[in-house]
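Visitor: I would like the atomic coordinates for the input below:
(chains A and B)
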2 protein chains.
Amino acid sequence: MRLNGQTWEFTSKPVILSAAAVVGPEEGQGPLSTDFDYVYDNIDINEKTWEKAERRLLEQASQLAVVKAELTKDQIQFYVGGDLMNQIISSTFAARTLGVPYLGVFGACSTSMESLALAALLVDTGAAERVLAGTASHNCTAEKQFRYPTEYGAQKPPTAQYTVTGAGCSVVGKNGKGPVIARATIGRVMDLGIKDPLNMGAAMAPAAADTIAAHFRDTGLTPGYYDLVITGDLASVGLPIAKELLQKAGVHMNGTEFTDCGLLIYDLQNQTYVKAGGSGCGCSAVVTYGHLLKKLIHKELKKVLVVATGALLSPLSYQQGESIPCIAHAVALEMED
Amino acid sequence: MRLNGQTWEFTSKPVILSAAAVVGPEEGQGPLSTDFDYVYDNIDINEKTWEKAERRLLEQASQLAVVKAELTKDQIQFYVGGDLMNQIISSTFAARTLGVPYLGVFGACSTSMESLALAALLVDTGAAERVLAGTASHNCTAEKQFRYPTEYGAQKPPTAQYTVTGAGCSVVGKNGKGPVIARATIGRVMDLGIKDPLNMGAAMAPAAADTIAAHFRDTGLTPGYYDLVITGDLASVGLPIAKELLQKAGVHMNGTEFTDCGLLIYDLQNQTYVKAGGSGCGCSAVVTYGHLLKKLIHKELKKVLVVATGALLSPLSYQQGESIPCIAHAVALEMED
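Guide: Now for the predicted structure:
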């Protein structure tokens, strides 16, 4: 462990021993469909409530990740997780089922990388041998909680994003085969005064740019070091803003591929209901644990920086006229030869 | 850093460089009144909404803690915090004001010790030099969110607890004078099927007992090692249950003083509206950072185990008929000669 600014350099290079991604039907119709471990054909995920559906996704992804690592739950010391639901109840129920010591975290959609960064920290420093990190979201629980009653069928502007139904989990360990976690940058809360919860991409873009700039400042690396820098869920509105902000800050991203998980998960041309693209805790989690890890394992990618972004609003803070505080946490994944 | 079971032994003994506790008027009428840094004389904390009031308490406690450590915000690498509000919005707004990299956490009322354990971990392992840990709660924001509209004035059974209006923060650093953080035990989610959100003490008692038993099992210490073992907010209903559960588990607490933050903060004889005692994230935070730390600094106590308990329910999970998952995290504070 070496601290540079707000970046942790994991000197022992913790390994992602396994990962699992479980998604709903709409994600199954997207271009990454074959990368996921399981695709449900119904948005109810065979449950009676959407909350139970979200929980089931997370429980399934966590159990799959443990099994794929050829481990039992007893061999996992800690579960680090969170989600978008009030009081992160989906993660808590998953933790109850797992029965392992639990660190609840919250960073809205950045929870995927907050939990992975902490898991890597625990393993790197000897605070754990193996840690499970994971998160989930469900389109209907998020709509119901953050926006309008789902049955109301409210129309949305083109800046709106579509919450991913899916869960992603990984097991991080000290030794083993697989992509390693090289470093992580913990973000600051950024808030440029945007108050529109149907334009999260614009609200979150400054946080993504701030964390990316901090990452390169702290590490001395240049964007070209990574094959791919991928933000969490800025989607089609937020990503160009982040690019512009980085350009202005003197961080030139043209040496690397720079895209967004919210743009990859759906077919934006045909799945037009997703508007600007995907969002939610599950978005960066299933894209990272389903899609990107496979590319790393197959060495189609060697160095990836995942910058998960989170809009930390609550419906109440929005109703009380507050702007939307945002954050982004970055984790560098590398596949060694 | 040494891991034993679910317990971290902090070999470098991180120091609590400073701490601050800010409370509302009812806590100011309790027996610990003179231990707090600031007591507001109005429940509105001079703000227009209770949510802004809660935020102000946390911002003030965090700023006071930094100032009391004779530091500036730039010298703090990370803020680890959370609270009871949906999407931990009070902590997020405090993080926005502080402007330091932020790790949002959630463990309901156990957030106080979850954040302190993580702060100690970061400092002990070299992942940070100085970390701010903190949390807050407000009686009216919690009532409004978790129970009934405040104006409704719903009557309560004697098992109900009273959410503390207050915020507590500490600065943890590598070197300096003050009580040290010797070790921490991260709890598992326990759920014995209790569904009554007006009887949190009974719901949380098994989690407290489980974490205390794990702490002694992992460390090889006996209860007599500590001058005081103090739970977060089991209050008058939960504490006797925890005692009984520990007795049955073969952990005999008669060698040490064993009480509860929720019993200390109010005068239960005269402040009868608090029913079974205090609760909320602020409860164990202000008792620890206001009261217990002073006793440690003055060497009236030398070894204290704070076992913060959390009921991880959401109003929705309760309304959907789910039982209340609970957790407890323990942190050992010691004053060296």
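
Visitor: relative to B:Val180, how far out is the residue of chain A positioned farthest from its centre?
Guide: In chain A, the residue that sits farthest from the middle, by Cα atoms, centre = their mean, is A:Tyr152; the gap is 28.4 Å. Distance of A:Tyr152 to B:Val180, computed by Cβ to Cβ, to the nearest Å: 55 Å. C-beta here means a position set from N, CA and C on the backbone, and glycine is covered the same way.

Visitor: over to A:Ala120?
Guide: Taking Cβ to Cβ as the measure, A:Ala120 falls 26 Å from B:Val180.

Visitor: out of these two, which sits in the busier spot?
Guide: Ranked by neighbour count (other Cβ atoms under 10 Å in any protein chain shown), A:Ala120 and B:Val180 place A:Ala120 first, with 31 against 20.

Visitor: show me what contacts that one?
Guide: Taking Cβ atoms under 8 Å, 6 or more residues apart in numbering or on different chains, we find A:Ala120 in contact with A:8, A:10, A:14, A:172, A:181, A:184, A:331.

Visitor: spell out which residues of the stretch 151-300 of chain A are next to chain B.
Guide: Contact residues (Cβ under 8 Å from any Cβ of the partner chain) of the stretch 151-300 of chain A with chain B: A:186-189, A:191.

Visitor: neighbour-wise, which of the residues you listed leads?
Guide: Neighbour counts for these, by other Cβ under 10 Å, peak at A:Ile186, which reaches 32 neighbours.

Visitor: neighbours of the residue nearest to that one when sequence neighbours are not counted, how many?
Guide: Leaving aside its sequence neighbours, A:Ile186 sits nearest to B:Pro101 (Cβ to Cβ, 6 or more residues apart in numbering or on different chains; 4.2 Å). For B:Pro101, the neighbour count with other Cβ under 10 Å is 25.

Visitor: isn't B:Pro101 right up against A:Trp8?
Guide: No: using Cβ atoms under 8 Å, B:Pro101 is not in contact with A:Trp8, being 10.4 Å away.

Visitor: overlap in contacts, these two.
Guide: The contact sets of B:Pro101 and A:Trp8 overlap at A:Ile186 (Cβ under 8 Å, 6+ apart).

Visitor: can you give me the helices for the stretch 101-250 of chain A?
Guide: Secondary structure of the stretch 101-250 of chain A (DSSP state H, counting those that start in this stretch): helices located at A:111-124, A:139-146, A:200-219, A:235-248.

Visitor: make CSV out of those helices and add distance to A:Ile76.
Guide: Below are the helices of the stretch 101-250 of chain A laid out as CSV (distance: least, Cβ to Cβ, whole Å):
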stretch, distance to A:Ile76
helix A:111-124, 10
helix A:139-146, 26
helix A:200-219, 28
helix A:235-248, 33
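
Visitor: now render these as TSV, adding mean pLDDT and distance to B:Asn86.
Guide: Converted to TSV, these look like this (pLDDT from 0 to 100; distance: least, Cβ to Cβ, whole Å):
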stretch	mean pLDDT	distance to B:Asn86
helix A:111-124	98	15
helix A:139-146	95	8
helix A:200-219	97	17
helix A:235-248	97	23
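
Visitor: tell me the most buried of these?
Guide: Most buried of those, by mean neighbour count (mean count of other Cβ atoms under 10 Å in any protein chain shown): helix A:111-124, with a mean of 31.

Visitor: brilliant, that's me finished.
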